[in-house]
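J.: below: sequence and its predicted model.
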Amino acid sequence: MTSVDAPRSASPDGSSGGGQARDTSTMSGADALAEVLKREGVDKVFYFPASPIAEALARAGIRLILTRQERVAGNIADGVSRSTNGRQMGVVAVQELAGSENAFPGIAHSFTDSTPILYLPGSPPRTKFGEHPTFMNQPHYDLITKYTASPVTADEVPYRLRQAFQALRSGRPQPAMVDISEDVADMALSGPLDYQPVRAVRSAADFGAVREAADLLLRAKLPLLWAGHGVLYAEATAEFQQVAELLGAPMMNTLMGKSATNERHPLACGTGGHAKTAAVMHYLEHSDVVLAVGSSISQSSFTPSIPRGKTLIHATNDPRDLNKVHQTAVAIAADAKLFLGQLIEELRGRVGETEKVRGAEVAAKIASLKATWRAQYENEFSDDSGPINGYRMFRELWNVLDPDTTILTHESGASRDIQCVFYESTVPRSYIGWGHSTQLGFSLGLGMGAKLANPDKMVVNVMGDGAIGMTGMDLETASRENIPILTVIKHDSVFSGYSPNFPEADARYHAIRQGGDYAGVAKALGWHSERVESAADLHAAFLRGLRAVQEGQPALVDVITKETTRLSTFGAH
């Protein structure tokens, strides 16, 4: 970095937010942006130098958290927004050109997973607009954001931020971008800043559609309630559960919606994604009406499919998802909490003995299915052999966690497909499921953001070899910025489950194998760390890790495991 006497640009590749203090008699575009963020409740920004707004943010008392790469800055911002349902807004600032290019994957992840984050990249000078090969933010980020703007004057900055926050807080949550060039950052406003914080806007459902939905549900022999991510964002867990109890109907979560229902409730089937519980599989097959709330019902490898022949009632806050994949009997564009409240009012007084009897039968069936299914995997969970069985690792980890006060998340691969179905979440956002985008390494930044936004929670993320290799240097960010989380490495030195598909590549070139001393790396970067090679040592190691976190130090437990070859996917690939 340059000294205080150096020119404003701190990087040969782009502009910085350095420079002399501005005249306080006028407000610059950068200072106006910082003041807007403060009024919107933002107290921290995740960034990578050199941002043209960094000095203004610092003057305003907004904490700058420097990451080791731009992608992880976006991941941390995602964790802030996602873990608080957007009540705290994650904000990312990076430099122009290369910084904005590198940030793309993190913003793309938030877009596909529907997380509201505010992205504030630097922008090339206006004289460079349209000049090849200048990387222009707006045309590229238009593809992966809900809103983009490139202010050309300082007066336009608060105006564009108002639009961005309205987009972030209303409808489907997705990222918004406002880029800031150095000339706009330095430019003075023509008058005093006039800005009031933006309120969220929610829409209720059409009353006729609510009644039609209620009629179909009451005529159903066996309705299934499907909770997506939107139930969490709408904070509609209680309403969703009440509808299930009124109807005596089973309820399930998608991977993104995991923790939207208490999975220990008698009517809870658990989670369905690439991996599924036996109860989810049973009721997807045997239900006749599906009520999907707060879900896009998009088809991917990590979402359950609705079998043909079902009557579908679909309620979502994004009309683009209605009738997108499945023919829909009743399509409802509404906030999940408001719609479910309306549905409760419509159902109350119309349900009776039929629904009560069905509820008892469903609860008994779920208990039986769960017991049989779990018994089929008991040998995995109780395996004492070495290398350590991944299932045994998870059992020992879960045994030391309080599900009501923990935020747990997974990585792509086996850590996702074991945890999302066998771990039972109890309260909203106690488990953060993700997966429309499956970028390896995402859980580390996600966990750091969740911890910053929820300092009273124990935050735990589980990674594999590939994931820690992608983002592992940001372990140093957690230690430097005092973000105590527990990271567990499922260290099998192979991409689990890939072997059957790449026998020649693996045999000749070890093309699916990686390794390393992750405990050693973590220790060098300031973490409490230890390596575990025996199942008998897991419990004590996890307790030591938790103790370190409680004392304010991030902790990593590197567990040497065997390859996981068995997952509860019921034949899915």
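T.: That came through fine.

J.: would you mark the buried spots in the lowest-mean-pLDDT helix or strand in the chain?
T.: Least confident helix or strand of the chain, by mean pLDDT, DSSP states H and E, is helix 503-509 with a mean of 92. Of all the residues in helix 503-509, those buried under the rule 16 or more other CB atoms under 10 Å are residue 506. Placement of C-beta: from N, CA and C, glycine included.

J.: which outside residues touch that helix?
T.: 498, 499, 511, 512, 513 (CB atoms under 8 Å, 6 or more residues apart in numbering).

J.: select only the buried ones of these in ChimeraX?
T.: Filtering the contacts of helix 503-509 down to the buried ones (16+ other CB under 10 Å) takes a single ChimeraX command:
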select :498,512
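
J.: mind putting the contacts of helix 503-509 in a markdown table, pLDDT included?
T.: Output for the contacts of helix 503-509, formatted as a markdown table (pLDDT from 0 to 100):
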| residue | pLDDT |
| --- | --- |
| 498 | 86 |
| 499 | 85 |
| 511 | 91 |
| 512 | 90 |
| 513 | 93 |
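
J.: tell me which two in the contacts of helix 503-509 are the farthest apart.
T.: Maximum pairwise distance among these (CB to CB): 10.6 Å, between 499 and 511.

J.: identify the contacts common to these two.
T.: With contacts taken as CB under 8 Å, 6+ apart, residue 499 and residue 511 have no neighbour in common.

J.: if we can go back for a sec, could I have the least confident helix or strand of the chain exported to CSV, CA atoms only?
T.: Below are the C-alpha coordinates for helix 503-509, written out as CSV (Å, rounded to 0.1, in the frame of the first residue of the first chain):
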residue,chain,number,x,y,z
PRO,A,503,-12.0,-44.8,-12.6
GLU,A,504,-9.4,-44.3,-15.3
ALA,A,505,-8.7,-40.6,-14.4
ASP,A,506,-8.3,-41.6,-10.8
ALA,A,507,-6.2,-44.6,-11.4
ARG,A,508,-3.8,-42.9,-13.8
TYR,A,509,-3.6,-39.3,-12.5
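
J.: what about that helix, distance to the chain center?
T.: Relative to the centre of its chain, helix 503-509 is centred 35 Å away, using CA atoms, centre = their mean, to the nearest Å.

J.: please renumber so the chain begins at 35
T.: In the new numbering, first residue 35, that becomes helix 537-543.

J.: quick one: name whatever helix or strand follows it.
T.: Sequence-wise, the next helix or strand downstream of helix 537-543 (DSSP states H and E) is helix 552-558.

J.: contact partners of that following helix?
T.: Residues from elsewhere that reach helix 552-558, judged by CB under 8 Å, 6+ apart: 502, 506, 509, 521, 523, 525, 563, 564, 565, 590, 591, 592.

J.: go ahead and confirm residue 154 touches residue 85.
T.: Yes: counting by CB atoms under 8 Å, residue 154 does reach residue 85; the two are 7.4 Å apart.

J.: give me the more crowded residue out of the two.
T.: Taking other CB atoms under 10 Å, residue 154 and residue 85 do not tie; residue 85 has more neighbours (30 against 24).

J.: how near is that one to residue 212?
T.: 13 Å (CB to CB, to the nearest Å).

J.: could you pull out the helices for the stretch 135-284 of the chain?
T.: All helices of the stretch 135-284 of the chain, identified by DSSP state H, counting those that start in this stretch, fall at 171-175, 190-203, 216-220, 241-253, 263-267, 271-281.

J.: show me which pair in the contacts of helix 552-558 is furthest apart.
T.: Top of the distance list for the contacts of helix 552-558 (CB to CB): 506 and 564, 16.3 Å.

J.: next up, phi/psi of residue 499, please.
T.: phi -60, psi -50 (degrees, to the nearest 10).

J.: pull the distance from the lengthiest helix in the chain to the chain's centre.
T.: Secondary structure of the chain per DSSP state H: the longest helix is helix 387-410. Chain-centre distance of helix 387-410: 31 Å, with CA atoms, centre = their mean.

J.: what does stretch 458-472 give?
T.: 8 Å.

J.: can you pull the buried residues of it?
T.: By neighbour count with 16+ other CB under 10 Å, stretch 458-472 contains the buried residues 458-460, 462-472.

J.: so where's this protein uncertain?
T.: Low-confidence segments of the chain (pLDDT under 70): 35-59, 606-607.

J.: rerun that using 90 as the cut-off
T.: The chain contains residues with pLDDT under 90 at 35-60, 158-168, 332-339, 469-472, 527, 530-535, 605-607.
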